[in-house]
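Asker: Sequence first, predicted model second:
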Amino acid sequence: MKTVTNFKYISRNRKIGQYTTLASLAILVIGFIVSLTPDPSLFIYSLLALVFGFVLSQVGIYFGNHWGRSPRPDEKLTAGLKGLEDKYTFYNYMTVVPHLLVGPAGIWILAPYLQKGTISYDPVKKRWQQRGGNFLLKLFAQEGLGRPDQDTYSLFQDLQKFISKEVEIPNLPSPQVAMVFLDEKAVVQAADSPIPALHIDKLKDFLRRQAKENIVKTDSKENDGMDPIKQFQQLLPEDSLTL
């Protein structure tokens with residue numbers, strides 16, 4: 001498998017996370033110091049500083065979780081995909097979606113999740129659930145699951161719009177989305193989910209099954225005898241962007 005990664009994008013976001021975290025700490029300290037002054041007229045400034053500092057800290061945590069720590073989500077996904085045949089190309093931050101795998105299994109948007117605990121899907125309520133984990137960590141460390149159905153649909157729309165506007169390849173299969181949970185302690189119980197959801201350890205076997213079940217049709221006249229997946233790969237970046 002070939003991996004194409006935008007290291008410039010990763011480096012920039014890592015720095016944003018670092019600077020934002022430092023700025024949030026400075027503002028929180030200033031707000032705390034102001035709150036200790038006896039002048040009641042300064043209370044509103046102290047409150048604003050605390051609120052703004054907290055918001056900045058959440059931005060810093062988000063950037064830190066995704067780009068500041070190693071192994072990063074893209075590194076974990078790459079490790080989980082290691083061993084796929086050379087016909088696959090894995091794109092990190094090189095297309096309109098963060099993580100895109102193109103190869104014999106089709107066109108797959110891989111949506112990584114860092115959440116711990118047991119992840120399940122209720123087909124009756126059509127709702128995702130996360131059990132386990134610390135409540136405060138979910139609140140302040142952004143370990144809550146949120147609305148993955150909305151997140152993944154947004155990713156699908158972004159790629160579908162790009163294909164509709166920029167790509168004219170007959171018989172090109174529609175892109176698909178898979179939720180991939182990266183934490184080693186995560187337990188995924190989502191067999192009834194409309195979106196494939198699985199642990200990173202099972203991703204490679206899942207894709208190999210998809211490659212066997214979903215054979216891409218090729219019209220020799222319309223596609224010039226070339227696999228449409230291969231044609232699509234030729235439209236995407238070939239080399240990583242280094243620092």
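Answerer: Now that the structure is in, tell me what you want to look at.
Asker: rest of the way, CA atoms for contacts and neighbours
Answerer: OK.
Asker: quick one, domains of this structure?
Answerer: 2-68, 73-235 (automatic domain parsing).
Asker: closest one to residue 241 among these?
Answerer: Closest to residue 241 of those, according to C-alpha to C-alpha: domain 2-68, at 4.7 Å.
Asker: Quick one: end-to-end length of the closest one, please.
Answerer: Domain 2-68 has an end-to-end distance of 24 Å (C-alpha to C-alpha, to the nearest Å).
Asker: Run through the strands of the protein in chain order.
Answerer: With strands called from DSSP state E, the chain shows them at 2-5, 89-92, 99-103, 106-113, 118-122, 127-131, 176-181, 187-189, 197-199.
Asker: Those: lowest mean pLDDT?
Answerer: Ranked by mean pLDDT, these end with strand 127-131 at the bottom, a mean of 90.
Asker: Point out where the protein drops to low pLDDT.
Answerer: For the chain, the stretches flagged by pLDDT under 70 are 133-144, 215-222, 225.
Asker: just the helices in it please.
Answerer: Per DSSP state H, the chain carries helices over the ranges 7-35, 43-63, 73-81, 135-140, 148-166, 203-213, 228-235.
Asker: Dump those helices to TSV, plus mean neighbour count and distance to residue 129.
Answerer: TSV is the format used below for these (neighbours: other C-alpha atoms under 10 Å; distance: least, C-alpha to C-alpha, whole Å):
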stretch	mean neighbour count	distance to residue 129
helix 7-35	18	29
helix 43-63	18	21
helix 73-81	19	22
helix 135-140	12	13
helix 148-166	14	10
helix 203-213	14	21
helix 228-235	16	35
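Asker: could you dump the ones you listed to JSON lines with distance to residue 122?
Answerer: Formatted as JSON lines, these follow (distance: least, C-alpha to C-alpha, whole Å):
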{"stretch": "helix 7-35", "distance to residue 122": "35"}
{"stretch": "helix 43-63", "distance to residue 122": "27"}
{"stretch": "helix 73-81", "distance to residue 122": "26"}
{"stretch": "helix 135-140", "distance to residue 122": "20"}
{"stretch": "helix 148-166", "distance to residue 122": "12"}
{"stretch": "helix 203-213", "distance to residue 122": "22"}
{"stretch": "helix 228-235", "distance to residue 122": "34"}
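Asker: Those: which one's closest to residue 102?
Answerer: Taking the helices of the chain one by one with C-alpha to C-alpha, helix 228-235 is closest: 7.0 Å.
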